[in-house]
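Visitor: Sequence and predicted structure below; questions after.
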Amino acid sequence: MILQREYITRVRKKAFLILSFLGPLIFLVLMIVPAWLTVPQAKQKEVVVIDQHHILKEQLEAPFIIFSDQEKLNKNKASHLIILPPDTSGAINANLINASNISSEERQGIEQALKLAVAKTKLNASLPEINLTETRLLEKNAGEAAASIALFSAILVYFFIFLYGVQVMKSIIEEKANRILEVVVSSVTPFQLMVGKILGVALVSLTQFLIWVITTFTLSRLIFDKFKLERFSDENISQTLTTSHDAAQAMEVNEMLNFVGQINFGLIIPVFIFFFLVGYLFYSSLFAAIGAASDAETDTQQFMLPITLPLIFSFIMAPRILEMPDSTLAQILSYIPFTSPVVMMLRIPFGIPFWEIALSMIVLFSFFLLATLLAAKIYRVGILMYGKNATWKEVFRWLSYKD
């Protein structure tokens, strides 16, 4: 009855419905807009270069077209023409002729491209040829893809723990203020009441998470099909390279998508569900105890900060953990139950030994059981205490009470 009431009451709220469907839309916007910005422009200005100086030697790439003399130019219609006349003094003079308007940014871009091409030509002429064979254990784009998945998973765990854990605490404080708990505890035990609230809110969080997954998957398929975002596939990459101003970026996106397909989601998804649920249950037990020990929401700060500070710290350290997922700091935080839900999600996509994952899961689950037992003792005494704010000293005294 308690679980059912908590679940039905919360899923009927407008805030739940708005957040359930607005969240995936925001995520898709953040995912689609960068890809949309790489769509090649319909019109591309060509820059024809007459290299009478013979200095460029095909170092310029699209949209530059290089000719050695002006006779071959007649068949091409270019927006800009650059002539490099012969010069025996060693100086390089370039004449820019415009058939259309040119912005200062375009002019600077042309100038920089010419400087870079000349530098490449001179550098290649002065340096011996070097054959370099490279072997990568982890591709750059694979690391970027793993980091993106790790950070996204950690944000989800962090967000849901705080959002729904605090809801458990607020619910208890509200019912204490309305004297509802006095009636409820006459028919159920305080432990049953606490567990019912925690599991009820857990089902709400799972419901919202499933809505996010289904909505995101459905909308992403529709949007990808609508705007042809599959242009980064292997079949279309050659076409992309001939029309895009940002061909290098197109190649990186294509490689990143390939590496995403190689990530072990068969391991990541079950582990994510475990840390998502058990991490929430662990913190919700503590939040329930805080709610029972407080008479108003403003009185919870003395208890909230010591409990939530480790979780906040783990999120602050996310950039360092993503950079060095096997560091000593990352390993230590993986075995601390207050930080492991976030830290483990940051490390797992990079591939860590299974025994580390298993040990972290065992420690977190063990502390969840311990936290539930301790929270039940605080809850049993605190829910019937009114008009007085408990101190840490009183809370520790409650823990010493016998059942």
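Guide: Perfect, thanks for sending it.
Visitor: contacts and neighbour counts: CA atoms only from here.
Guide: Will do.
Visitor: What segments of the stretch 151-300 of the chain are helices?
Guide: Here the stretch 151-300 of the chain has its helices, by DSSP state H, counting those that start in this stretch, at 180-184, 190-227, 237-243, 247-262, 265-293.
Visitor: Which of those helices comes out lowest on mean pLDDT?
Guide: The weakest mean pLDDT among the helices of the stretch 151-300 of the chain belongs to helix 237-243, with a mean of 44.
Visitor: Tell me the spacing between the residue lying closest to Phe275 once chain neighbours are set aside and Val195.
Guide: Once flanking residues are discounted, Phe275 sits nearest to Pro341: 5.2 Å by Cα to Cα, 6 or more residues apart in numbering. Using Cα to Cα, to the nearest Å, Pro341 is found at 21 Å from Val195.
Visitor: Who has more neighbours out of these two?
Guide: More crowded of Pro341 and Val195, by other Cα atoms under 10 Å: Pro341, with 32 against 19.
Visitor: per-residue confidence at the more buried one?
Guide: Residue-level confidence at Pro341 comes out at 92, pLDDT.
Visitor: Which helix or which strand is home to it?
Guide: Using DSSP states H and E, Pro341 maps to helix 340-347.
Visitor: If we go by neighbour counts, what in the helix or strand that comes right after that helix is buried?
Guide: For helix 340-347, the following helix or strand on the C-terminal side (DSSP H and E) is helix 354-382. Neighbour counts over helix 354-382 (16 or more other Cα atoms under 10 Å) mark 357, 360-361, 364-365, 367-368, 371-372, 374-382 as buried.
Visitor: can you pull the contacts of Leu25?
Guide: Thr216 (Cα atoms under 8 Å, 6 or more residues apart in numbering).
Visitor: In which helix or strand does it reside?
Guide: Judged by DSSP H and E, Leu25 forms part of helix 14-37.
Visitor: I'd like the mean pLDDT over that helix, please.
Guide: Per-residue scores along helix 14-37 average to 70.
Visitor: low-scoring stretches of the stretch 51-200 of the chain, by residue?
Guide: 51-107, 109-110, 113-114, 116-145, 179-186 (pLDDT under 70).
Visitor: try it again with 50
Guide: For the stretch 51-200 of the chain, the stretches with pLDDT under 50 are 71, 75, 130, 132-141.
Visitor: so Leu203 makes contact with Ile8?
Guide: No. Leu203 is beyond contact range of Ile8, at 10.0 Å (criterion: Cα atoms under 8 Å).
Visitor: neighbour count winner among the two?
Guide: More neighbours surround Leu203 than the other of Leu203 and Ile8, with 17 against 13 (other Cα under 10 Å).
Visitor: what's the neighbour count on the closest residue to that one other than its chain neighbours?
Guide: With sequence-adjacent residues excluded and distances taken as Cα to Cα, 6+ apart, Leu203 is closest to Tyr7, at 6.7 Å. Using other Cα under 10 Å, Tyr7 has 21 other residues around it.
Visitor: Which residue ranges make up the domains of this structure?
Guide: The chain is divided into the following domains under automatic domain parsing: 2-35+140-399, 47-126.
Visitor: Report the contact partners of the residue nearest to Phe275.
Guide: Ala154, Val157, Tyr158, Phe275, Phe276, Gly279, Ser334.
Visitor: so what's Tyr401 up against?
Guide: Tyr401 touches Lys377, counting by Cα under 8 Å, 6+ apart.
Visitor: what about it, which SS state?
Guide: Of the three states, Tyr401 takes coil under DSSP: H, G, I helix; E, B strand; the rest coil.
Visitor: how much space is there between it and Gly382?
Guide: On the measure of Cα to Cα, Tyr401 and Gly382 end up 12 Å apart.
Visitor: And for Thr189?
Guide: Here Thr189 is placed at a distance of 13 Å from Gly382 (Cα to Cα).
Visitor: now do Thr9
Guide: Taking Cα to Cα, one finds Thr9 at 24 Å from Gly382.
Visitor: and what of Ser153?
Guide: 35 Å.
Visitor: Likewise for Met324?
Guide: Remark: distance between Met324 and Gly382 (Cα to Cα) = 43 Å.
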